[in-house]
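Undergrad: can't give you the sequence, but here's the structure:
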């Protein structure tokens, strides 16, 4: 499964917990995901694309990093 900008952040984190580090390294709003309470409340409300647009994060670069992070797990 490829991660896309239209996916809800919480859905990605649930299916691919290893993606958390990639999100958190982005800083901005994604840095809040390090907190489990914030992760449960904020992540279910927004898509990756929406969050990137709001915080001026390069969505294509983030998607590339996320898909690289999950590639090893899916191949194994």
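TA: Yes, it's here. Since this is a predicted model, take the numbers as computed values, not measurements. Numbering: from 1, shown residues only.

Undergrad: Run the chain-centre distance for the top helix by length along the chain.
TA: Taking DSSP state H as the criterion, the chain has its longest helix at helix 59-75. Counting by Cα atoms, centre = their mean, to the nearest Å, helix 59-75 is centred 10 Å from the centre of its parent chain.

Undergrad: Can you work out which other helices and strands pack against that helix?
TA: In this structure, helix 59-75 packs against helix 20-25, helix 48-54, with contacts taken as 3 or more Cβ pairs under 8 Å, 6 or more residues apart in numbering; DSSP states H and E. Any C-beta I mention is one placed from the backbone N, CA and C, and that applies to glycine too.

Undergrad: I'd like those helices as a markdown table, with mean neighbour count, mean pLDDT and distance to residue 12 appended.
TA: Rendered in a markdown table, the data for those read as follows (neighbours: other Cβ atoms under 10 Å; pLDDT from 0 to 100; distance: least, Cβ to Cβ, whole Å):
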| stretch | mean neighbour count | mean pLDDT | distance to residue 12 |
| --- | --- | --- | --- |
| helix 20-25 | 17 | 95 | 8 |
| helix 48-54 | 18 | 94 | 7 |
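
Undergrad: Now tabulate those in JSON lines and tack on distance to residue 42.
TA: Putting those into JSON lines (distance: least, Cβ to Cβ, whole Å) gives the following:
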{"stretch": "helix 20-25", "distance to residue 42": "11"}
{"stretch": "helix 48-54", "distance to residue 42": "9"}
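
Undergrad: thinking again about what came up before, list the buried residues of the longest helix of the chain.
TA: If you call a residue buried by 16 or more other Cβ atoms under 10 Å, then helix 59-75 has these buried ones: 59, 62-63, 65-67, 69-70.

Undergrad: who touches that helix?
TA: With Cβ atoms under 8 Å, 6 or more residues apart in numbering as the test, helix 59-75 has contacts from 1-5, 12, 16, 18-19, 21-23, 26, 48-49, 52-53.

Undergrad: let's see 6 Å
TA: 2-3, 5, 16, 18-19, 22, 49, 52 (Cβ atoms under 6 Å, 6 or more residues apart in numbering).
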